[in-house]
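Chemist: show me how the following folds:
(one chain, ligands or ions: 1)
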Amino acid sequence: MQELKIRGGRLLKGRIHVSGAKNAALPALAACILVDDITVLHNMPDVRDVTSMCQLLESLGASVNRYGDAIHVDTRGMTQWHAPHDLVRKMRASVLVMGPLIARFGRAEVALPGGCTIGNRPIDLHINALRQMGAEPTLIKGEEHIICERLIGARIHFDRPTVTGTENVLMAATAAEGETVLENAAREPEVADLAHLLVAMGAQIEGIGTDTIRVSGGRTLHGADHSIISDRIEAGTYAIAAAMTGGDIVLESIDSLMLTSLWAKMTHAGVSIREKASGDICVSGCPPFAPVHITTAEYPGFPTDLQAQFMAMMCLAKGESVITENIFEDRFKHASELNRMGADIVIRGRNAFVKGIPYLSGAAVTASDLRASASLVIAGLAARDETRVLRIYHLDRGYERIDEKLACLGADIKRVAGEGP
Ligand code: UD1
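Modeler: Predicted coordinates for the structure are as follows:
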């Protein structure tokens, strides 16, 4: 198993190109199932979750080819609606094929994604919404078997905003008879990006980017050419890393508006964030930071996917910060690993109390999920001595060549073969 060896204390400096958003790429690939045609997706990140989704599409009968950052998906003649368990269990987002399969074939058999290290992540909101549209789900041996003779437009009110739930229903709604209204829908930019792709495929959708989305369904969709948005979480991760090392970086090709909540908190902490006329974003700062409280929330609130990285940064604040996790129930596993690097973090329920310390010390730490891994990497970049981040396969699920990108900015970071299986 590979690990990262990091010698901390090097300032990050330079320009960094932000990759396409993993969380926009995955629903875009799933949306290709809706058409009997070729779809070309640009700006697709080369990360493991995207590869897994491509394999899932291939197992369903699609032909998928990558040319640089473009992925061509040919779904002509697809006949399969069974998403096998060994592919689905690799990645929770596989559940995104459910809506498109029902739309195209009137049925879907998708294994339940199962547990997850950041807490119980049910799909009841997806299932209930599809049921309201006429689908009949039955749970058979851990798989949702869904049959739907006719998808019918409905008024769907989500009890809470769900990103992949909104995306699943949005895709199904394009094939439903009549109008579907999604209320309390997720407003994440990745949901809006999917809606733009669906419009390019011929769908009629209003309210894109708002919490009320209206879809006039029943049109036959066709292939499209679409460039997905950049990864705001990757951009935020590098911004925090730069500030933690006392560095100065320029983020290229990212829409600054998508990160307003992060910029506000980083500015409070004392980091300088400047947007140039060219659209580049300059980030510079250094510890000690002012302590800042954050509460994760749905977009446009502070993203849960940046909570772990921000916690690493608050370890080097002068004073105590409180970090409240409101989206996932068990997303503080990185705290105990940060404590092994000398941090002083106490967890009580949904709150993490982070007392700032003057410096972090290198240690061997184990990553438990994708964003937790990122927080340990950036803590290692700022720490004294050597940090080994173990189990980095999580990182490769969502960050494109993170070690190479950080090395280009001046980090002393190496990917090495580690011990163990
Ligand atoms: C997506 C993102 C993930 C991000 C998360 C929150 C993708 C591929 N993944 O995950 O990176 O951390 O949004 O921004 O886009 N819930 C239910 N029932 C459901 C669905 C969700 O109770 O049927 C709950 C979840 O347990 C969680 C909350 O709703 O507490 C939000 O989850 P959701 O937005 O659905 O997250 P994902 O779409 O899985």
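Chemist: low pLDDT regions in the stretch 1-150 of the chain?
Modeler: Within the stretch 1-150 of the chain, the segments meeting pLDDT under 70 span 114-120.
Chemist: and it, which of its residues are near the ligand?
Modeler: 23, 26, 92, 93, 121, 122, 123, 124, 125, 126 (CB under 6 Å from any ligand atom). Every C-beta, even on glycine, is put in place using the N, C-alpha and C of the backbone.
Chemist: residue contacts, the spatially closest residue to residue 123 that is not a sequence neighbour?
Modeler: Once flanking residues are discounted, residue 123 sits nearest to residue 95: 5.6 Å by CB to CB, 6 or more residues apart in numbering. Residues near residue 95 by CB atoms under 8 Å, 6 or more residues apart in numbering: 88, 110, 113, 123, 126, 164, 168.
Chemist: correct me, but the first one touches residue 108?
Modeler: Put plainly, it is residue 88. No. In this structure, residue 88 is not within contact of residue 108 by CB atoms under 8 Å, at 11.4 Å.
Chemist: comparing those two, which residue is more hemmed in?
Modeler: Legend: neighbour count by other CB atoms under 10 Å for residue 88 and residue 108, higher for residue 108 (27 against 24).
Chemist: what about residue 3, which SS state?
Modeler: Secondary structure assignment for residue 3 (DSSP: H, G, I helix; E, B strand; the rest coil): strand.
Chemist: that one pairs with what?
Modeler: residue 416 (DSSP bridges).
Chemist: which residues does it contact?
Modeler: 388, 389, 390, 391, 392, 415, 416, 417, 418 are the contacts of residue 3 under CB under 8 Å, 6+ apart.
Chemist: which residue is the nearest non-sequential neighbour of residue 239?
Modeler: residue 283 (4.5 Å).
Chemist: before we move on, what about residue 335?
Modeler: residue 345 (4.4 Å).
Chemist: number of nearby residues for the one you found?
Modeler: Neighbours around residue 345, by other CB under 10 Å: 22.
Chemist: could you do the one 3 residues further on as well?
Modeler: Residue 348 sits with 8 neighbouring residues when counted by other CB under 10 Å.
Chemist: same thing with residue 139?
Modeler: 10.
Chemist: how about the one 4 residues further on?
Modeler: Here the count is done by other CB under 10 Å, and residue 143 has 18 residues near it.
Chemist: from what I can see it touches residue 108, true?
Modeler: No. Using CB under 8 Å, residue 143 makes no contact with residue 108, being 9.7 Å away.
Chemist: need the overlap of contacts for these two.
Modeler: Common neighbours of residue 143 and residue 108 (CB under 8 Å, 6+ apart) do not exist.
Chemist: re earlier: so the residue nearest to residue 239: helix, strand or coil?
Modeler: strand.
Chemist: pLDDT value on it, please?
Modeler: Residue 283 carries a pLDDT score of 98 in this model.
Chemist: contact partners for it?
Modeler: Neighbour list for residue 283: 238, 239, 242, 243, 248, 249, 250, 251, 266, 271, 272, 273 [criterion: CB under 8 Å, 6+ apart].
Chemist: and the residues you listed, which are buried?
Modeler: Buried subset of the contacts of residue 283 (neighbour count, 16 or more other CB atoms under 10 Å): 238, 239, 242, 243, 248, 249, 250, 251, 266, 271, 273.
Chemist: still on that earlier bit, look up how far the ligand lies from the residue nearest to residue 335.
Modeler: According to CB to the nearest ligand atom, to the nearest Å, residue 345 and the ligand sit 20 Å apart.
Chemist: is it correct that that residue falls within a helix?
Modeler: No. Counting by three-state DSSP, one finds residue 345 to be strand, located in no helix.
Chemist: what score does it have for pLDDT?
Modeler: 98.
Chemist: who does it bridge with?
Modeler: Taking DSSP bridges as the rule, residue 345 bridges to residue 354.
Chemist: quick one: contacts for it?
Modeler: Going by CB under 8 Å, 6+ apart, the list of residues near residue 345 reads 311, 315, 335, 338, 339, 352, 353, 354, 355.
Chemist: now do residue 164
Modeler: Counting by CB under 8 Å, 6+ apart, residue 164 has contacts 27, 92, 93, 95, 96, 126.
Chemist: in which helix or strand would I find it?
Modeler: Applying DSSP states H and E as the criterion places residue 164 in helix 163-173.
Chemist: tell me the angle of the helix or strand just after that helix relative to helix 163-173?
Modeler: For helix 163-173, the succeeding helix or strand toward the C-terminus, using DSSP H and E, is strand 179-183. Counting by axes from the mean of the first three to the mean of the last three CA atoms, to 10 degrees, strand 179-183 lies at 170 degrees to helix 163-173.
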